[in-house]
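Chemist: Sequence first, then the predicted structure:
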Amino acid sequence: MPEVNTKSSQRPTVRILGIESSCDETAAAVIENGRALLSNVVATQIDLHAKYGGVFPELASRQHIRTIYAVIDQALQQAHMTLEDIDAIAVTMGPGLAGSLVVGVNAAKGLALAKNIPLIGVNHLEGHIYSAWVYPADIAEPPAPPEFPIMALLVSGGHSELNLVNEHLSYQRLGSTLDDAAGEAFDKVARLLGLSYPGGPSIQKAATDGNPQAFSFPRAKTDGSFDFSFSGLKTAVLRLVKEFEKEQKALPVADIAASFQTAVVDVLLNKTLKAAHAYQAKSLLVAGGVSANRALREAFLGQTEFPVFIPAFAYCTDNAAMIAAAGYQRYMHGDRSGLEMDVQPTFPLSYING
Ligand code: KG4
Ligand code: ZN
């Protein structure tokens, strides 16, 4: 066990350095006691991949190599710390792109070995969940954390899942997507509409001038289960686009974007509420890149049945603050990873280290 610093009188202070490189963001952050964020650095590769309309894996891993140590240095500097002040290094070990994950994992291993700092492999999805605990260290009053049991909706580019979180680090997956993830649906529909990558923000922007009732897109029923399905919705948009093309009419991009966004939000909110009632959740949590969507946030915050926790915008899309926050829970739980830790490109949330 590392020495635990004592800041004021008795309260032990645990500082975790988080490292994230699972997809197209190279990120590092320092967090204190799992919540108070001292620094949060994200080097995005969006411009690099935009011309390909999606993430180009080989370019992503090479760009991580170029930036990772500078990003880590910057995170330590912004926190006014060196590695000597860090109690553990938490790094995303999966899910994600293997070639990208390996860059963060190897950087973390190198630092852990050189400075004899404990290493903790973190599940990226667990990170998204813990993004709801993060707050900037300089605010006067820390916000209350979500109350267990939590119904957590995870919606990102690779995943759409409903998880019941009974207590810290305990997850029961109730449903997931049968085809496209919510973020993937945003990205694919954006492409159909000629909007730029990443699709979520582009659709949100286009939708602001659109009528959400202009088109009635299907809401997949998935047999009353808590699973999601977005491919039918995507196909419905494709069919509509083709009709406009056939008739050589201008595509009503704003109206389609707004109607599509409403359909996705409806499904996500209704399923989450249904699950929250069925499992008697005390709070709702929405996380992952799609939780940055304004219409989704408004819909969840507008319902009055459950308290809702949605991370601040800065912690919705991929970042290392959330990895450090999840790493802190693992650290307190006693989880440690060895230098033989491998990346896990597919990595279900239920996995517990050590
Ligand atoms: O969590 P994230 O940054 O990366 C993964 O772990 O996948 O999520 C990225 C996804 C992309 O599909 C992107 O289009 C979507 O999140 N996204 C949004 C918004 N911002 C990002 N979707 C809808 N509305 C947004 N404002
Ligand atoms: Zn993510």
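Modeler: That came through, no problem. Ligands and ions are numbered 1, 2, ... in the order given.
Chemist: which residue ranges form the strands in the stretch 51-200 of the chain?
Modeler: Assigned by DSSP state E, counting those that start in this stretch, the stretch 51-200 of the chain shows strands spanning 88-94, 119-123, 135-136, 150-155, 160-167, 170-176.
Chemist: Next, the buried residues of the last one.
Modeler: In terms of neighbour count (16 or more other C-beta atoms under 10 Å), strand 170-176 has its buried residues at 171, 173-176. All C-beta spots, glycine's among them, are computed from the backbone N, C-alpha and C.
Chemist: Who are the contact partners of the nearest residue to residue 348 once chain neighbours are set aside?
Modeler: The shortest distance from residue 348 to any non-neighbouring residue, by C-beta to C-beta, 6 or more residues apart in numbering, is to residue 173 (7.4 Å). Each residue near residue 173 by C-beta atoms under 8 Å, 6 or more residues apart in numbering is listed here: 161-163, 348-350.
Chemist: Going through those, which ones are buried?
Modeler: 161-163, 349.
Chemist: a markdown table for the strands of the stretch 51-200 of the chain, including mean pLDDT and distance to ligand 2?
Modeler: Shown next, in a markdown table, are the strands of the stretch 51-200 of the chain (pLDDT from 0 to 100; distance: least, C-beta to the ion, whole Å):
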| stretch | mean pLDDT | distance to ligand 2 |
| --- | --- | --- |
| strand 88-94 | 98 | 9 |
| strand 119-123 | 97 | 11 |
| strand 135-136 | 97 | 19 |
| strand 150-155 | 98 | 9 |
| strand 160-167 | 96 | 12 |
| strand 170-176 | 95 | 15 |
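Chemist: Can I get those strands in a markdown table including distance to ligand 1?
Modeler: Listed next are the strands of the stretch 51-200 of the chain as a markdown table, based on distance: least, C-beta to the nearest ligand atom, whole Å:
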| stretch | distance to ligand 1 |
| --- | --- |
| strand 88-94 | 10 |
| strand 119-123 | 11 |
| strand 135-136 | 19 |
| strand 150-155 | 8 |
| strand 160-167 | 10 |
| strand 170-176 | 14 |
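Chemist: What is the neighbour count of the residue nearest to residue 172 when sequence neighbours are not counted?
Modeler: Excluding its sequence neighbours, the residue lying closest to residue 172 (C-beta to C-beta, 6+ apart) is residue 164, at 4.3 Å. Using other C-beta atoms under 10 Å, the number of residues around residue 164 comes to 21.
Chemist: contacting residues for residue 164?
Modeler: Counted by C-beta under 8 Å, 6+ apart, residue 164 has contacts 149-152, 171-172, 174, 275, 279, 281.
Chemist: try 6 Å this time
Modeler: Shown in contact with residue 164 (C-beta atoms under 6 Å, 6 or more residues apart in numbering): 149, 172, 174, 279.
Chemist: Next: residue 212.
Modeler: Residues near residue 212 by C-beta under 6 Å, 6+ apart: 258-259, 262.
Chemist: Need the pLDDT of the residue with the largest distance to the centre of the chain.
Modeler: Residue farthest from the centre of the chain, counting by C-alpha atoms, centre = their mean, is residue 247 at 40.1 Å. Per-residue confidence (pLDDT) for residue 247: 96.
Chemist: Going forward, count from 58.
Modeler: Taking 58 as the first residue, the last one we looked at is residue 304.
Chemist: ok, it to ligand 2 distance?
Modeler: 39 Å (C-beta to the ion, to the nearest Å).
Chemist: Phi first, then psi, for that residue.
Modeler: Here is the backbone geometry of residue 304 (degrees, to the nearest 10): phi -80, psi 0.
Chemist: before we move on, the earlier item: between the strands of the stretch 108-257 of the chain, which gets nearest to residue 385?
Modeler: Residue 385 sits nearest to strand 145-151 of all those, at 7.5 Å, using C-beta to C-beta.
Chemist: tell me what the closest one is packed against?
Modeler: With contacts taken as 3 or more C-beta pairs under 6 Å, 6 or more residues apart in numbering; DSSP states H and E, strand 145-151 sits against strand 72-77, helix 155-172, strand 176-180, helix 378-390.
Chemist: Tell me the gap between it and the middle of its chain.
Modeler: 15 Å (C-alpha atoms, centre = their mean, to the nearest Å).
Chemist: Just want the angle from it to helix 378-390.
Modeler: Interaxial angle of strand 145-151 relative to helix 378-390 (axes from the mean of the first three to the mean of the last three C-alpha atoms, to 10 degrees): 120 degrees.
Chemist: Sheet partners, orientation included, of strand 145-151?
Modeler: Taking DSSP bridges as the criterion, strand 145-151 sits next to strand 72-77 (parallel), strand 176-180 (parallel) in its sheet.
Chemist: could I get these as CSV with mean neighbour count?
Modeler: Supplementary listing: these in CSV, determined by neighbours: other C-beta atoms under 10 Å:
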stretch, mean neighbour count
strand 72-77, 29
strand 176-180, 27
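Chemist: Next, format those as JSON lines and append distance to residue 138.
Modeler: Below are the strands paired with strand 145-151 laid out as JSON lines (distance: least, C-beta to C-beta, whole Å):
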{"stretch": "strand 72-77", "distance to residue 138": "7"}
{"stretch": "strand 176-180", "distance to residue 138": "18"}
